[in-house]
Structures are given as structure tokens and as C-alpha cells.
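Peer 1: Pasting the sequence and the predicted model now:
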Amino acid sequence: MKQRCGWVNLDNPKYVTYHDEEWGVPVHDDQKLFEFLILEGAQAGLSWETILKKRSAYQQAFHHFEISKVAKMSDTELDALLIDSGIVKNKLKVYSTRKNAQAVLAIQKEIGSFDAYLWSFVENAPIKNEFKKLCLIPAQTSVSVALSKDLKKRGCNFVGPTIMYAFMQAVGMVNDHTTNCFRHTELM
């Protein structure tokens with residue numbers, strides 16, 4: 001049996017697949033990066049497993065994370081999502097999705113892509129860590145703090161330093177698979 005990071009619920013095949021195929025793999029697609037930005041923000045106060053179960057509902061609710069479409073969503077559309085049991089029914093989180101889309105559009109206009117903006121924080125290459133145990137992995141770093149501050153300055157919500165570190169892990173800006181995990185060396 002393959003050795004995986006200790007946070008993986010082996011009883012949940014969707015979670016195992018997420019770990020094995022997605023978590024920590026470098027993402028350079030603006031739409032996919034935006035999706036993770038929103039999903040990581042939605043996770044605040046909840047488990048990633050909960051958000052993973054709701055991911056397809058989020059994709060449906062938010063136009064498959066097409067940034068320009070989300071940026072134009074009306075209050076009426078967003079209010080309708082507050083009764084959608086498929087997503088987290090938190091008004092601040094739902095409305096922040098539109099606000100974050102608008103901020104991402106401004107970043108794209110200024111810098112050229114959301115990808116170029118984000119990856120500049122890690123000098124365009126993943127940070128490759130060598131943590132042996134989960135307890136050694138930090139909740140945030142100086143990079144996630146800097147990214148958080150800059151995103152907040154640009155008008156984003158639900159982008160605190162801890163959320164941004166989880167985002168960086170998810171999109172492969174940092175490899176935090178523990179050294180005993182089979183994915184650690186595959187992503188080095």
C-alpha cells in the first residue's frame with residue numbers, strides 16, 4: 001500500500017484521489033487558480049473534506065469559476081445561492097467570491113495573468129520542503145503573510161495568511177507532502 005500524508009482520510013476515495021492527483025501539483029491556469037482561491041476561502045472554519053464534497057456544486061453555482069462571469073454576478077444571483085445546500089451558505093463567503101473575481105480581473109489587467117502574479121511570490125518555482133511529520137508543517141509562512149497582505153490591499157476577502165498557505169500547498173506553490181509520502185518525491 002502506498003504511504004500518504006497523514007491528513008488523508010483513506011476511507012474517502014474522493015479525498016485520496018485529491019491527494020494523489022491534485023494536491024501540491026503546480027497549477028498555472030488562472031481559472032483553476034481562482035477556483036482554489038475561492039474554495040480555500042470557503043473552507044475557513046470547516047474541513048477541506050467538506051469543501052471537496054461540495055466542489056461540484058461550487059463549480060455549478062459559480063459558472064465553473066469563469067472569472068469574468070463571476071465578477072458580473074448580481075446581488076440577486078448571489079442571494080439565490082444562500083439557499084443552495086450544495087455550497088456553504090455564508091453570505092460573506094458567497095459575496096466575497098464576486099469581490100475576489102473583480103480583484104483577480106484587476107490583477108490580470110495590471111500584471112497579465114493571475115498565474116504570473118501568484119507565482120512571483122515564490123520566484124516562479126515551487127518551494128520544496130522536507131517535513132517528516134505533519135506537526136512540523138507551518139500554518140503560515142512569511143510568503144503566505146506577504147501574499148495575504150497584498151491580496152487584501154487589492155480588495156480580496158477570505159485570504160488570511162493561513163488560508164493563503166493552504167492555497168499555496170493546494171496549487172503546488174509549495175510541496176508540503178511529508179517525506180514518507182509517495183507524492184513527495186514525485187513532485188520534487
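Peer 2: In hand now; what should we look at?

Peer 1: all helices in the protein, in order from the N-terminus.
Peer 2: Counting by DSSP state H, the chain has these helices, from start to end: 13-21, 30-43, 48-61, 67-71, 75-81, 91-111, 114-119, 142-153, 161-170, 182-186.

Peer 1: Format those as TSV; extra columns: mean pLDDT, distance to C5 and mean neighbour count.
Peer 2: For the C-beta atoms, the positions are set from N, CA and C on the backbone; glycine is no exception. Formatted as TSV, these follow (pLDDT from 0 to 100; distance: least, CB to CB, whole Å; neighbours: other CB atoms under 10 Å):
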stretch	mean pLDDT	distance to C5	mean neighbour count
helix 13-21	97	6	14
helix 30-43	98	17	22
helix 48-61	96	12	16
helix 67-71	98	30	19
helix 75-81	98	32	14
helix 91-111	98	26	18
helix 114-119	98	23	20
helix 142-153	98	19	17
helix 161-170	98	10	23
helix 182-186	97	8	15
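
Peer 1: need the ones you listed in CSV with distance to I127, can you?
Peer 2: Listed next are the helices of the chain as CSV, based on distance: least, CB to CB, whole Å:
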stretch, distance to I127
helix 13-21, 19
helix 30-43, 17
helix 48-61, 20
helix 67-71, 26
helix 75-81, 35
helix 91-111, 21
helix 114-119, 11
helix 142-153, 7
helix 161-170, 8
helix 182-186, 13
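
Peer 1: quick one: which of these is nearest K133?
Peer 2: Closest to K133 of the helices of the chain is helix 182-186 (CB to CB; 12.5 Å).

Peer 1: For K128, find the nearest of the helices of the chain.
Peer 2: Of the helices of the chain, nearest to K128 by CB to CB is helix 182-186, at 9.0 Å.

Peer 1: List the residues that contact S68.
Peer 2: 101, 105 (CB atoms under 8 Å, 6 or more residues apart in numbering).
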